[in-house]
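Undergrad: with the sequence up front, the predicted model follows.
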Amino acid sequence: MLILAPVVEELAWHSYGTDSLRSRFSLFTTSMIFAVVWALWHAPLALFAGSSQEQTVEQGLIHALNFPLSMLPFVLLMNWIYYRGDRNITLTILVHLGANLSTQVMSTHPDTEVMSTGVLLVLTTVILWRERALFFTTPARERPGARKGVIGNRPAPIAQVP
């Protein structure tokens, strides 16, 4: 599951989900939507005995809240990698796999995971600042001040005059 999950998740999230949402929203908004979806997607794992999420929840409230909070920088970084890597799914699969392996194989302590989330938040803040245009530009058809009569990259249909 440790290897299969990143493959399946990235194929679904990035090959379809991210691009679909990105056609309507800024990359930042798209990432926030997916952060919530990913947190909800992983929440049931806390009910399975022996899962890392179940063990984390047993450590206390701060540790239990850290996992969904860590989704924010993780999704932003993954989407940054996805778009700056020319939408390369293999790259996102490898990064996701590396993240899973680093916490599972090394059996990181929940306190270490809280510190890692802090580091990721700082790194993500720097990337968001440097990549403002990538994250905060809305699609052309919704951007305020976009040329009237243009939908996406296509001219709007012209009404027929009888």
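TA: Alright, I've got the coordinates. Model, not experiment: these values are computed from the prediction.
Undergrad: how near is the most centrally placed residue in the chain to residue 65?
TA: The centre of the chain sits closest to residue 75, judged by C-alpha atoms, centre = their mean, with a distance of 2.2 Å. Look at residue 75 and residue 65: by C-beta to C-beta, to the nearest Å, they are 16 Å apart. Yep, even glycine has a C-beta here, placed from its N, CA and C like the rest.
Undergrad: residue 31 now?
TA: In terms of C-beta to C-beta, residue 31 sits 19 Å off from residue 65.
Undergrad: buried set for the strand or helix carrying residue 120?
TA: Using DSSP states H and E, residue 120 maps to helix 110-130. Buried residues in helix 110-130, counted by 16 or more other C-beta atoms under 10 Å: 110, 113, 114, 116, 117, 120, 124, 127, 128.
Undergrad: ok, which stretches of the chain are strands?
TA: Along the chain, the segments classed as strands by DSSP state E run 150-151, 154-155.
Undergrad: select the longest helix from this protein.
TA: Counting residues, the longest helix found in the chain (DSSP state H) is helix 61-84.
Undergrad: got the angle between that helix and helix 110-130?
TA: Helix 61-84 and helix 110-130 meet at an angle of 40 degrees, taking axes from the mean of the first three to the mean of the last three C-alpha atoms, to 10 degrees as the criterion.
Undergrad: what helices or strands is helix 61-84 leaning on?
TA: Helix 61-84 sits against helix 27-42, helix 52-58, helix 89-104, helix 110-130, helix 132-136, with contacts defined as 3 or more C-beta pairs under 8 Å, 6 or more residues apart in numbering; DSSP states H and E.
Undergrad: can you tell me which of those helices the model trusts least?
TA: Lowest mean pLDDT within those: helix 52-58, at a mean of 67.
Undergrad: please compute how far stretch 106-115 lies from its chain's middle.
TA: How far stretch 106-115 lies from its chain's middle: 21 Å, per C-alpha atoms, centre = their mean, to the nearest Å.
Undergrad: and the end-to-end length of that stretch?
TA: 15 Å (C-alpha to C-alpha, to the nearest Å).
Undergrad: quick one: contacts of that stretch?
TA: The contact list for stretch 106-115 (C-beta atoms under 8 Å, 6 or more residues apart in numbering) reads 55, 56, 59, 62, 63, 66, 67, 70, 102, 103, 116.
Undergrad: just the buried members of the residues you listed?
TA: Applying 16+ other C-beta under 10 Å to those flags 56, 63, 66, 67, 70, 103, 116 as buried.
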